[in-house]
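Q: build me a structure from this.
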Amino acid sequence: MNSNLLEHVPQHIRSKLGNNSRVCLLSGRDVFNALKGENLIVMACNTRISHVIPGIMKAAEEMDAVIAFELTRSEGGLDGGYTGQTPESFFNTIIASAEKNAFTKPFIIHADHITIRDTGREELAEAQQLIAAQIEAGYTSFTIDASFNPLPDNIDIVSRLAEPVEAMGYGLELELGEAGHAADRPTLTSIAEVRSFLSEVTAREVFPQLLAINNVSRRARYMDGEVVHIDFERTGQIHKVALSHGLAGLVQHGIAGTPINLVGKLADYGIMKGNIGTLWQNVAHAGLPLDLMDDMRRWARENGTDIKYATQAFKAEIDSIPAQNLSQIHEMATREAREFIAAFHAKGSATKLAQSLGRVR
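A: Here you go, the predicted model:
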């Protein structure tokens, strides 16, 4: 199976890995197009702290699962974002872990939330520079998120920024909404908006595989007894429109905040990629030395900010934790990843991908 899949490693990635590497980094376009029609969700992991990566890989290897590793623009931009990871260092960390742990299953490296908040020249130029750097680094899938703009501007921005991604044959994800927090729940994505958006971008020869929407989920964890607000019916309706425009499926943000008994149900309504971020941060925090966590919490309080922003400030200390803490984090990450892969119906998805790609060679 792995030999078949290795034939689909993009040329630029092969040049970076070397001809003898067994690392199976694929294009998001190939992965999601090949899995179109499968009732499963690809687990996409925002690994803000890299210590969770070996555990996630171990679970995927054991369960024969396709996975994705990703960082947002704010987490890992050209300046390293709030995690201290540049596109190049993020790529190198993932590949080094794959080589060290003999990870053979297919995966993608995804640029999540390349956010463009306005139509200003500077904003667009920064996004173009980031995309170019991510392509050079070795990313194989991209989210261009211009959803903060009015629909016509969103379409125009996407059309301008998607060109290098399309030229490389890499994965493309667009956005019309995302999960919110309890206090700022945004408007439910409408079917008419999806139809108009996809009709226009495809007319401009931009062909995404995935679309992120707002289905009234949220990022934060639900409280005990709180009603879970996910509009499954609207999600399914949008999925039908997406399929009619050639997409493979939809994207769900805020998976870590959704009860595990519900996440698999999302696949029944067209969700094909599920983003998990805060969970992996929490797993890493649970295994860090107590004195380091105390210092990070104190720093966050003194700076009046979320503890996630302490990741960059304490990166040197985090990167040099004792082996026993690393082992604990690996074990917890493996356990959590197994649970989500199973809930996502993604066990065996690597074999399904190999079979599908084999048929289209």
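Q: helices or strands up against the longest helix belonging to the chain?
A: Longest helix in the chain by number of residues (criterion: DSSP state H): helix 323-343. Counting by 3 or more C-beta pairs under 8 Å, 6 or more residues apart in numbering; DSSP states H and E, the packing neighbours recorded for helix 323-343 are strand 42-46, helix 53-63, helix 260-263, helix 278-287. Just so you know, the C-beta spots here come from the backbone N, C-alpha and C atoms, and that holds for glycine as well.
Q: how far does it sit from the chain's center?
A: The chain centroid and the centroid of helix 323-343 are separated by 18 Å under C-alpha atoms, centre = their mean, to the nearest Å.
Q: which residues are contacting that helix?
A: Under the contact criterion C-beta atoms under 8 Å, 6 or more residues apart in numbering, helix 323-343 has outside partners 43, 45, 51-56, 58-60, 62-63, 65, 67, 255, 260-261, 263-264, 274, 276, 279-280, 283-284, 286-289, 347.
Q: buried subset of those as a ChimeraX selection?
A: Typed into ChimeraX, the line below selects the buried ones among these, using 16 or more other C-beta atoms under 10 Å:
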select :43,45,51,52,53,54,55,56,58,59,60,63,65,67,255,263,264,274,276,279,280,283,284,287,288,347
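Q: now do the buried residues in stretch 323-341.
A: Buried residues in stretch 323-341, counted by 16+ other C-beta under 10 Å: Asn325, Gln328, Ile329, His330, Met332, Ala333, Thr334, Glu336, Ala337, Arg338, Phe340, Ile341.
Q: now the first one: how far from Glu70?
A: Applying C-beta to C-beta, to the nearest Å, the value for Asn325 to Glu70 is 24 Å.
Q: hang on, the earlier thing: distance to Arg195 and pLDDT for the buried residues of stretch 323-341 - can I get that in JSON lines?
A: Listed next are those as JSON lines, based on distance: C-beta to C-beta, whole Å; pLDDT from 0 to 100:
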{"residue": "Asn325", "distance to Arg195": "50", "pLDDT": "98"}
{"residue": "Gln328", "distance to Arg195": "49", "pLDDT": "98"}
{"residue": "Ile329", "distance to Arg195": "44", "pLDDT": "98"}
{"residue": "His330", "distance to Arg195": "45", "pLDDT": "98"}
{"residue": "Met332", "distance to Arg195": "43", "pLDDT": "98"}
{"residue": "Ala333", "distance to Arg195": "40", "pLDDT": "98"}
{"residue": "Thr334", "distance to Arg195": "42", "pLDDT": "98"}
{"residue": "Glu336", "distance to Arg195": "37", "pLDDT": "97"}
{"residue": "Ala337", "distance to Arg195": "36", "pLDDT": "98"}
{"residue": "Arg338", "distance to Arg195": "38", "pLDDT": "98"}
{"residue": "Phe340", "distance to Arg195": "32", "pLDDT": "96"}
{"residue": "Ile341", "distance to Arg195": "33", "pLDDT": "98"}
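Q: can I get those residues in CSV with distance to Leu35?
A: Listed next are the buried residues of stretch 323-341 as CSV, based on distance: C-beta to C-beta, whole Å:
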residue, distance to Leu35
Asn325, 36
Gln328, 33
Ile329, 29
His330, 28
Met332, 28
Ala333, 24
Thr334, 23
Glu336, 22
Ala337, 19
Arg338, 20
Phe340, 17
Ile341, 14
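Q: quick check: the farthest pair among those?
A: Farthest-apart pair in the buried residues of stretch 323-341 is Asn325 and Ile341; separation 24.4 Å (C-beta to C-beta).
Q: so where's the stretch 1-150 of the chain shaky on pLDDT?
A: Scanning the stretch 1-150 of the chain with the threshold set as pLDDT under 70 gives 1.
Q: any idea how far the closest residue to Asn261 other than its chain neighbours lies from His110?
A: With sequence-adjacent residues excluded and distances taken as C-beta to C-beta, 6 or more residues apart in numbering, Asn261 is closest to Ala343, at 7.9 Å. To His110, Ala343 is 20 Å away according to C-beta to C-beta.
Q: residues contacting Gly287?
A: For Gly287, the contact set (C-beta under 8 Å, 6+ apart) comprises His51, Asn325, Leu326, Gln328, Ile329, Met332.
Q: could you rerun that using 10 Å?
A: 49, 51-52, 55, 293, 321, 324-333 (C-beta atoms under 10 Å, 6 or more residues apart in numbering).
Q: which one of these is nearest to Val194?
A: Among the contacts of Gly287, Val52 lies closest to Val194 (C-beta to C-beta), at 33.6 Å.
Q: what's the closest non-adjacent residue to that closest one?
A: Going by C-beta to C-beta, 6+ apart, Val52 has Ala333 as its nearest residue, at 4.0 Å.
Q: and the one you found, how close does it get to Met57?
A: 9 Å.
Q: what distance separates the helix or strand hosting Ile144 from the middle of the whole chain?
A: Taking DSSP states H and E as the criterion, Ile144 maps to strand 141-145. Its chain's C-alpha centre and that of strand 141-145 lie 9 Å apart, by C-alpha atoms, centre = their mean.
Q: kindly report the same for stretch 311-318.
A: The answer for stretch 311-318 is 22 Å, by C-alpha atoms, centre = their mean.
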